[in-house]
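**Q** sequence and predicted structure are below.
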Amino acid sequence: MPPHRMSGKAAFEIAKGTQKVVSLSEAQVIQALDPDELLRELEASFGALARGEVQCPPRTVIAVPGKGFSLAMAAWQPGMHICVKVVNVFDGNLAIGLPNHLAIVNLFDPSTGAVVCVMDATYITGIRTAAAAIVSHKLLSRVDSRVATIVGAGVQGREHLRLLSLVRDVDEIQICSLEFDHAERMADLHPKAHAVRDVRYAIQRSDLVCLATHSARPVIEPQWIKPGTHVSSVGYHPPAGELPVVLARNERLFVESLDAFMPTPVGCSELAGIEVKRGTTLGAVALRRAPGRVNDREITVYKAMGIAMEDMVAANLARLRGPIKALLARLERGWARAVDRVFTVNEPYATELARRFAVPTPPPEPRGTLSSLFHDDGGTPATSELWNIIVKGWRLIVFCAVAGLVAGVLISLFAESQYRAMVVVNVERDASRLFDVSADLVRGHLVQNGRIRHHFLNSSALHISWARYCTFPGLSV
């Protein structure tokens, strides 16, 4: 039976009606994406790509002469929304205060094809490219690598700097750039980073090399690379590029997919003329279908082209986490306001307590701290007020527990069924306590150096391990 007949209506009588489409700004995407989670999911999806579970057709291009180009990229993996990204690369934007990479992602329901989310993908494009390169460092670099060099102080350089320490415990990160002051400013973002003027010197002493430029010609020389180094390259600037062709041709070569050997804009210009059989995919290494690094003196090279599978993973994570984190943020703000009302003592309130319970009025200064509740410069402790604080504290705990339960039920009801399993973050078998407060509360001190921890948000449908803290006014943090 044709599908439209099952509804009892003719095709011309059926319309979408009002369907909610989630919209995520760049700021919301940044808040939603967790770098550690992105690295884990990318590695898993590289494996799925190698198993043939991901549809990721070659990207298409529209070129605007003298201005830039626009790429359309689509991917889908079972269990995720269909992802279609459009990224525009217009280098002249930098002169007018805009990023030279601008992108947008649409996510579609794989059951109906209906659009479910539209999000800014400029941040996604930056972080997913760097994250894929960092996955290559995890899979291919030596575990004992201690010195890293990032060549390039742009968006990619920044993201490499942020992510590299998640997979390798390096002692030193060198930053090199044509604009030395840019390298210095970027080095300020990381305690182990410093700017280096001499690129050759930096490369010669490096165990990890991250090329993250928009250069039209090689930025390093092959002979600078010492044995045992892993080199990653994410730059894209046809008809040449930042990576020396000799390195790609002579050393162990790894790619996201074998489409990297196709002509641009699908493939990498530095790999033109190199036989496909020389390349090994990251997915094959992740699945242990192919060897990665075979010894400590081997030089390994990863060349990125950027594939839609990476956008799909990042965008689906942002779509999943974004609304949840927004809800949790609203709850946290509400709890903070409730805490302020319970624990912040104002002068009229204290005066009324003193009148009702015949307790000496505490001095007006200091105010808003728990310490002021337990002494009055040698007078009688404000016992009645302390008891009122404790009673209101328990009321707050009950309120938070109920709010957490309601939030969990709402999330479980409105989250798509295929994503409920992904909502589970660090599932805890015993999530019965919302607050973990020591007996030191009566002495004016809370556990965790003055912080009460929102321990677990619990419902029958899911458990969300909550690592956020609510800091109380007047307490040391």
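**A** Perfect, I can see it now.

**Q** show me where the protein has its helices.
**A** Along the chain, counting by DSSP state H, helices occupy 3-6, 26-32, 35-50, 122-140, 155-164, 180-187, 199-204, 245-250, 282-286, 308-343, 347-357, 383-414, 420-423, 447-450.

**Q** quick check: angle from the third one to helix 155-164?
**A** If you take axes from the mean of the first three to the mean of the last three Cα atoms, to 10 degrees, helix 35-50 sits at 100 degrees to helix 155-164.

**Q** which residues sit against helix 35-50?
**A** 54, 56, 77, 127-128, 131-132, 134-135, 138-139, 162-163, 166-167, 256-257, 281-284, 286-287, 289, 309-310, 312-314, 317 (Cβ atoms under 8 Å, 6 or more residues apart in numbering). C-betas here are computed from N, CA, C, even on glycine.

**Q** buried subset of those as a ChimeraX selection?
**A** In ChimeraX syntax, the buried subset of the contacts of helix 35-50 is picked out as below (16 or more other Cβ atoms under 10 Å):
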select :54,56,77,127,128,131,132,134,135,138,139,162,163,167,256,257,281,282,283,284,286,309,310,312,313,314,317
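
**Q** please name the nearest non-neighbouring residue to Phe254.
**A** Tyr302 (4.7 Å; Cβ to Cβ, 6 or more residues apart in numbering).

**Q** quick one on the thing from earlier: which stretch in the helices of the chain is the model least sure about?
**A** Of all the helices of the chain, the minimum mean pLDDT falls on helix 447-450 (a mean of 34).

**Q** burial count for Val245?
**A** Using other Cβ atoms under 10 Å, Val245 has 17 other residues around it.

**Q** numbering from 30 from now on, please.
**A** Renumbered: residue one is now 30, and that last one reads Val274.

**Q** residue contacts, it?
**A** By Cβ under 8 Å, 6+ apart, the contact list for Val274 reads Pro247, Glu299, Ile303.

**Q** out of the residues you listed, which is most surrounded?
**A** Glu299 (27 neighbours).

**Q** mind pulling the model confidence for it?
**A** 95.

**Q** okay but the residue nearest to Phe283 is in contact with Leu169, surely?
**A** Yes. Assessed by Cβ atoms under 8 Å, Tyr331 is found in contact with Leu169 at 6.7 Å.

**Q** what sits against Ile59?
**A** Neighbour list for Ile59: Tyr152 [criterion: Cβ under 8 Å, 6+ apart].

**Q** before we move on, what about Glu82?
**A** With Cβ under 8 Å, 6+ apart, Glu82 has these contacts: Gln106, Pro107.

**Q** Met215 versus that one, what's the distance?
**A** Applying Cβ to Cβ, to the nearest Å, the value for Glu82 to Met215 is 37 Å.

**Q** name the nearest residue to Ile336, ignoring sequence neighbours.
**A** Glu285 is the one closest to Ile336 (Cβ to Cβ, 6+ apart), at 5.0 Å.

**Q** you'd agree Leu195 is up against Ile163?
**A** Yes. With contact defined as Cβ under 8 Å, Leu195 and Ile163 form a contacting pair (6.9 Å).

**Q** what bridges to Cys112?
**A** Beta-bridge pairing for Cys112 (DSSP bridges): Ala104, Leu136.

**Q** that one contacts Pro139, correct?
**A** No. The pair Cys112 / Pro139 is not scored as a contact, 10.3 Å apart, by Cβ under 8 Å.

**Q** who touches both of the two?
**A** Counting by Cβ under 8 Å, 6+ apart, the residues touching both Cys112 and Pro139 are Trp105.

**Q** could you dump stretch 173-190 to PDB, C-alpha only?
**A** Presented in PDB, the C-alpha positions along stretch 173-190 are these (Å, rounded to 0.1, in the frame of the first residue of the first chain):
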ATOM      1  CA  ASP A 173      57.300   8.500  25.100                       C
ATOM      2  CA  SER A 174      57.200  11.600  22.900                       C
ATOM      3  CA  ARG A 175      58.200  14.700  24.900                       C
ATOM      4  CA  VAL A 176      58.700  17.600  22.500                       C
ATOM      5  CA  ALA A 177      56.000  18.800  20.100                       C
ATOM      6  CA  THR A 178      56.100  21.600  17.500                       C
ATOM      7  CA  ILE A 179      53.100  23.300  16.000                       C
ATOM      8  CA  VAL A 180      53.800  25.200  12.800                       C
ATOM      9  CA  GLY A 181      51.100  27.800  12.300                       C
ATOM     10  CA  ALA A 182      49.400  30.200  14.800                       C
ATOM     11  CA  GLY A 183      45.900  30.300  13.300                       C
ATOM     12  CA  VAL A 184      42.700  28.500  14.200                       C
ATOM     13  CA  GLN A 185      44.200  25.100  13.500                       C
ATOM     14  CA  GLY A 186      47.300  25.900  15.500                       C
ATOM     15  CA  ARG A 187      45.100  26.900  18.500                       C
ATOM     16  CA  GLU A 188      43.000  23.800  18.300                       C
ATOM     17  CA  HIS A 189      46.100  21.500  18.000                       C
ATOM     18  CA  LEU A 190      47.500  23.300  21.100                       C
END
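
**Q** residues near Arg278, how many?
**A** Counted by other Cβ under 10 Å, the residues lying close to Arg278 total 16.

**Q** same check on Val115?
**A** 17.

**Q** dump the residue contacts of it.
**A** Ser99, Leu100, Ala101, Met102, Ala132, Ile133.

**Q** can you turn the buried part of those into a ChimeraX selection?
**A** The following ChimeraX line selects those of these that are buried, judged by 16+ other Cβ under 10 Å:
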select :99,100,102,132,133
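
**Q** can you add distance to Gln57 and pLDDT and give the contacts of Val115 back as JSON lines?
**A** Formatted as JSON lines, the contacts of Val115 follow (distance: Cβ to Cβ, whole Å; pLDDT from 0 to 100):
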{"residue": "Ser99", "distance to Gln57": "24", "pLDDT": "96"}
{"residue": "Leu100", "distance to Gln57": "24", "pLDDT": "95"}
{"residue": "Ala101", "distance to Gln57": "23", "pLDDT": "96"}
{"residue": "Met102", "distance to Gln57": "21", "pLDDT": "97"}
{"residue": "Ala132", "distance to Gln57": "15", "pLDDT": "96"}
{"residue": "Ile133", "distance to Gln57": "14", "pLDDT": "97"}
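
**Q** how is the chain carved up into domains?
**A** What the record gives for the chain is the domain set 49-153, 162-335, 373-500, from automatic domain parsing.

**Q** deepest-packed of those domains, please.
**A** Comparing those by mean neighbour count (mean count of other Cβ atoms under 10 Å), domain 162-335 ranks first with a mean of 20.

**Q** and it, how far apart are its ends?
**A** Domain 162-335 has its terminal residues 10 Å apart, counting by Cα to Cα, to the nearest Å.

**Q** got it, and stretch 189-200?
**A** Start-to-end, stretch 189-200 (Cα to Cα) is 15 Å.

**Q** could you do stretch 113-128 as well?
**A** Distance between the two ends of stretch 113-128: 21 Å, counting by Cα to Cα.
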